Structure formats: structure tokens, C-alpha cells
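# Compute the structure for the input listed below.
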Amino acid sequence: MLSSATELLQETDVSNFPELSSRPPRPWSFIGTALVAFIAYGVFALTSGLSLGVLLSLQHVPNTVSPAELDALVAQGHWYGVAIIASCPVVIAVLWIAIRIRQDSFADYLGLIWPSRAELAYALGIMAAILLAESFITSFMGHDGSSFAPDLYRTARAGGGLLIYLIAACIAGPIMEEFVVRGFMFQGWSQSFLGPVGAIGVTCAVWATMHTQYDWFGEFAVFVLGIALCYFRWRSGSTWLTVMVHSAINLVLNFGIGLSLA
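Numbers count the residues shown, from 1 in each chain. Have a look, this model is predicted:
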């Protein structure tokens, strides 16, 4: 009986089973990738708005609050952190649905493989050099760097929600952004007419313009960091690597903000 079962398994062609066969992902087209990314961004905005609305209602904020006062309320770091954390799983769910529609593996499509220690050390070293160069350029230009240090950290600490904000900024935010940008968008656009190099430029431009809280210099700095992150994704094939580097960047920046406010 055992030998018969063994022979049956040896004769079975596993390629007939899509979930077991190993094949490269079949990414969405350029338009399809853009559409899914747009939906994911819309879901993020909707989920963030709903979570902030719930928080405002719990704080018994009156309906007569002016737009300026409302903006000041939602810009508080601990509320911002809750919105990011609440949005992260919903946005990832949108990507999962889109990938399963293509009958692809979620992990393979997004490049969710663990990088080697050498790849991580290489990426962190390059990113450290870029951050040092940007810091030098900022000082040379006389830029005060305020665009890099919004009041989120200060208000989060004052409101007793610093831990929530740091979890959002250093864990939930990097995971969500990297899954969407370096994972999903780069996968689809790099295999379109853009090619890998064109996909790097377009994804970095989109990612930079999404950071509307920064001034033009801040957005340019984000664009440069995005190029490095896309290069790491292209070189290693690992989106987890870009998540780790992105998280490290935000951790270092927030650590610097904390020291400046100490």
C-alpha cells in the first residue's frame, strides 16, 4: 500500500495544481496597477477619515468646529498614529484581493522574501550615506528642516500617545507604503512598457507627491530616498528589505526629533 502511494505521488504532475506549481507572477498591466493603487489610496483615505471621525466623536468635539480647528485636531500625532494603524490592514486587504484575482501568490507578487544579512547591511550603509548627504545639503542651503519634522511627534508626546505614533511611523506606515509602492506598483510597472528603470522613476515620483506634508525640498528628498528603496527592491527582489530600511529611516528621523525636543 505504501509503495503504491509513493508511485502515485511520483507520477502526479504537480504543475496541474496552480497553488503548488512554481511560476512567476502575472502582474496587472500599467493601467490596472495604477487603478488598484488608486483604489488602495482611496481606501486608505476613507479608513483614515472614519477612524478620525470616531476619535473626534469620542472626544466630544462639537459640530461647530471651524475647518482650521479641525485640521489642527486631526494633525495631532496620536490621532494620526491610530489612523495609520487602522488603515494598514485594510489597504493590504485591497492588494490581497487584487493579487488573488490574478490567481497569483500574495508573497511572490509583492516580493515578500527575507533578505540576507549582507543585503540588509549593504542597503542600510547606502541609506546612511544618503541621509548624511541630505543633512549636509540641508545645512549648506540654510534649510531649517522643518518640513521633515512636523508637529506630529510633539503633539503625540504631549497627548500621551507617543508609542502609538511611533508604531504607526516606524512599523505600520512603512509596511503599508512599501507593500503598495515597492511591492505592488513596482511589480506591475517594471514589467510594463516602462521597464524597471522607468518604473523606478514613476513610482518614486508618485510616492514623493503623496507626501504633501512636506515642502518642495522635502518632497525631493523623499524622491531620492525612493530611488534608493526601489533599487534595493530591484536588486534583491525583496520588499521586506525595503520595509526594514524604510522603518530604520523613520526610526532614526524620529529619534533625532526626540533629541531636538529634549
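
# before we move on, which element is the residue nearest to Glu134 when sequence neighbours are not counted in?
The shortest distance from Glu134 to any non-neighbouring residue, by C-beta to C-beta, 6 or more residues apart in numbering, is to Ala221 (5.3 Å). Quick note: C-beta positions are derived from backbone N, CA and C, even for glycine. Mapping Ala221 onto the secondary structure by DSSP states H and E places it in helix 216-236.

# returning to what we had before: now do the residue nearest to Glu134 against Leu124, distance only.
As for Ala221, its distance to Leu124 is 18 Å (criterion: C-beta to C-beta, to the nearest Å).

# If you count surrounding residues, which of the two has more?
Of the pair Ala221 and Leu124, Ala221 is the one with more neighbours under other C-beta atoms under 10 Å, namely 24 against 16.

# The more buried one and Leu152, how far apart?
17 Å.

# Now do the contacts for the closest residue to Tyr80 other than its chain neighbours.
Excluding the flanking residues, the one nearest Tyr80 by C-beta to C-beta, 6+ apart is Leu152, at 5.5 Å. Leu152 sits next to 75-77, 80, 165, 169 when contact means C-beta atoms under 8 Å, 6 or more residues apart in numbering.

# Point out where the stretch 151-262 of the chain drops to low pLDDT.
With pLDDT under 70 as the threshold, the stretch 151-262 of the chain has no low-confidence stretch at all.

# Name the surrounding residues that touch stretch 235-248.
110-115, 119-120, 123-124, 127, 170-171, 174-175, 177-179, 182-183, 228-230, 232-233.

# Swap in 7 Å and give it another go.
Residues outside stretch 235-248 that contact it (C-beta atoms under 7 Å, 6 or more residues apart in numbering): 110-115, 119-120, 123-124, 127, 170-171, 174-175, 177-179, 182-183, 229, 232-233.

# Any idea how far the one helix or strand Gly125 maps to is from the middle of the chain?
For Gly125, the host element (DSSP H and E) is helix 117-141. Taking the mean of its C-alpha atoms, helix 117-141 sits 19 Å from the chain's own mean (C-alpha atoms, centre = their mean, to the nearest Å).

# the inter-axis angle of it versus helix 216-236?
Interaxial angle, helix 117-141 versus helix 216-236 (axes from the mean of the first three to the mean of the last three C-alpha atoms, to 10 degrees): 160 degrees.

# which other helices and strands contact helix 117-141?
If you count contacts as 3 or more C-beta pairs under 7 Å, 6 or more residues apart in numbering; DSSP states H and E, helix 117-141 packs onto helix 216-236, helix 239-261.

# Give me the number of neighbouring residues for the residue nearest to Leu251 when sequence neighbours are not counted.
Nearest residue to Leu251 in three dimensions, chain neighbours excluded: Cys170, at 4.8 Å (C-beta to C-beta, 6+ apart). When counting by other C-beta under 10 Å, one arrives at 20 neighbours for Cys170.

# Work out which residue lies at the spatial centre of the chain.
The chain has Glu177 as the residue nearest its centroid, 1.4 Å off, counting by C-alpha atoms, centre = their mean.

# and that residue, what does it touch?
For Glu177, the contacting residues are His246, by C-beta under 7 Å, 6+ apart.

# Next one: it from Thr239, what distance?
Relative to Thr239, and taking C-beta to C-beta, Glu177 is found at 11 Å.

# Tell me how far Gly195 lies from Asp151.
For Gly195, the distance to Asp151 equals 41 Å [C-beta to C-beta].

# try Glu178
25 Å.

# before we move on, what about Leu95?
Look at Leu95 and Asp151: by C-beta to C-beta, they are 31 Å apart.

# of the two, who's got more company?
Taking neighbours as other C-beta under 10 Å, Leu95 and Asp151 compare with Leu95 leading, 21 against 13.

# which is the next helix or strand following the helix or strand where the more buried one lies?
Following DSSP H and E, one finds Leu95 within helix 77-101. Toward the C-terminus, helix 77-101 is succeeded by helix 106-110 as the next helix or strand (DSSP H and E).

# Export only the CA atoms of that next one, formatted as CSV.
Only the C-alpha atoms of helix 106-110 are listed here, as CSV (Å, rounded to 0.1, in the frame of the first residue of the first chain):
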residue,chain,number,x,y,z
PHE,A,106,0.5,37.2,-2.5
ALA,A,107,4.0,36.7,-1.2
ASP,A,108,5.5,36.1,-4.6
TYR,A,109,3.7,39.0,-6.2
LEU,A,110,4.9,41.5,-3.6
